[in-house]
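> Here is the input, now give the coordinates:
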Amino acid sequence: MAADRIDAPQRARRGLWRAIAIQLALAVVTLAACEAILRVIDLRYLRESKAGFGLTYAYDAELGWLPVANAVGQYTGMRTTSVSHNSLGLRDVEPGGASAKTILFLGDSFVWGYDVEADDRFTDRMRRELPRHRIVNGGIAGYGTDQEYLLLRRLWDRIRPDVVVLVFCTENDRRDNSTNSRYGGHFKPYLELMPDGSAQFRGQPVPRSRHVYFIENPLAHHSWVARVAVSALVEINHPAVYVADPTERLIGMMRDFVQSHGARFMVGLQDKGSGLEPFLTAQNIPFTSLEGAEHHFGDGDHWTPNGHAFVARRLTTLLSETGAIP
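Presented below is the predicted three-dimensional model:
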């Protein structure tokens, strides 16, 4: 009987450890099953996608995402294209010296050249047609006008353009400008219009999106279950923010910044329906419509090589009619 009393605590401890081991085994089996199920289902929400459409783009605390300088690779949208970035992180040739008159084009994936090779883009065509001018392509896939304005300020001392042309994407720029989260949860800065009439940039430093953690965190990089947990934490800590559309204010700020540095500012409108024409006319901002450019159907309806040729002619006409080029 005494021995039984002595063994009772030991049996209790063994029973406790056995129960703990069983629970841990069940947890491991459950997590493994969840991991396998998530990998089979392959939810797009949990896929590893680098900020800025998944090609050599990195997190940027001011802009949200920015191409990696000197990166080279391929990107597949509706077709596969080669992509290389210069030392500034732009999909373009090295800007070189400023001995020639410089024209900087800003915009999103339409300017960046989604679904076309670099040589087929309107900027490269204009560079061949205007050899006495320095043409710089400052397009970044996914950017809104707010990010383009901040990028312009960052690039100014390096580029020092004589003319800045903003290509406004009618399809989505207003939506881009009205929130802090786009394209599946990539965070970005945004401009908020204040009651007193002022405007302030918010959301900086830009929070890291779940995609950034999927890449940078070793556990989330390898485990889809961990990605679920990371995604939940990001959603809780950084909910989506929506503000009144600040597009006209942003374009006015861009114009003022350019002109304050002794340069000229113009706008190309990707298609009809932007609602910007009355504002641009009232503000005496030269602009042209790029409506009619041939485009792909699907995945953003980006311009084809023929569409880029059309855009090059329209923008060259705009520059010529305003006296920016001979």
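
> Tell me how the protein divides into domains.
Split into domains by automatic domain parsing, the chain comes to 2-41, 64-208+241-321.

> Now mean pLDDT, distance to T56 and mean neighbour count too, for these, in JSON lines please.
No exception for glycine: its C-beta is placed from N, CA and C like everyone else's. Converted to JSON lines, the domains of the chain look like this (pLDDT from 0 to 100; distance: least, C-beta to C-beta, whole Å; neighbours: other C-beta atoms under 10 Å):
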{"stretch": "domain 2-41", "mean pLDDT": "72", "distance to T56": "25", "mean neighbour count": "10"}
{"stretch": "domain 64-208+241-321", "mean pLDDT": "94", "distance to T56": "3", "mean neighbour count": "18"}
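
> Show me where the stretch 1-150 of the chain has its helices.
With DSSP state H, counting those that start in this stretch as the criterion, the stretch 1-150 of the chain has helices at 2-41, 109-112, 122-129, 145-159.

> Pairing partners for the helix or strand just after the last one, with directions?
What it means is helix 145-159. Once helix 145-159 ends, the next helix or strand along the chain (criterion: DSSP states H and E) is strand 163-168. Sheet pairing for strand 163-168, assigned by DSSP bridges, gives strand 101-107 (parallel), strand 264-269 (parallel).

> Nearest to R39, out of these?
Among the strands paired with strand 163-168, strand 101-107 comes nearest to R39, with 37.2 Å by C-beta to C-beta.

> What residues of the host helix or strand of V230 count as buried?
Assessed by DSSP H and E, V230 sits inside helix 224-237. Neighbour-count burial for helix 224-237 flags W224, V225, A226, R227, V228, V230, S231, V234 (criterion: 16 or more other C-beta atoms under 10 Å).

> Could you find the closest non-adjacent residue to the last one?
When the adjacent residues along the chain are set aside, V234 lies closest to R210, with 4.7 Å between them (C-beta to C-beta, 6 or more residues apart in numbering).

> was I right about that neighbour contacting A229?
No: shown here, R210 and A229 do not form a contact pair, counting by C-beta atoms under 8 Å, at 10.1 Å.

> how close does T170 sit to G203?
Distance, T170 to G203, by C-beta to C-beta, to the nearest Å: 24 Å.

> about what we covered before: could the buried residues of helix 224-237 go into JSON lines alongside pLDDT?
Shown next, in JSON lines, are the buried residues of helix 224-237 (pLDDT from 0 to 100):
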{"residue": "W224", "pLDDT": "82"}
{"residue": "V225", "pLDDT": "86"}
{"residue": "A226", "pLDDT": "82"}
{"residue": "R227", "pLDDT": "88"}
{"residue": "V228", "pLDDT": "89"}
{"residue": "V230", "pLDDT": "88"}
{"residue": "S231", "pLDDT": "87"}
{"residue": "V234", "pLDDT": "91"}
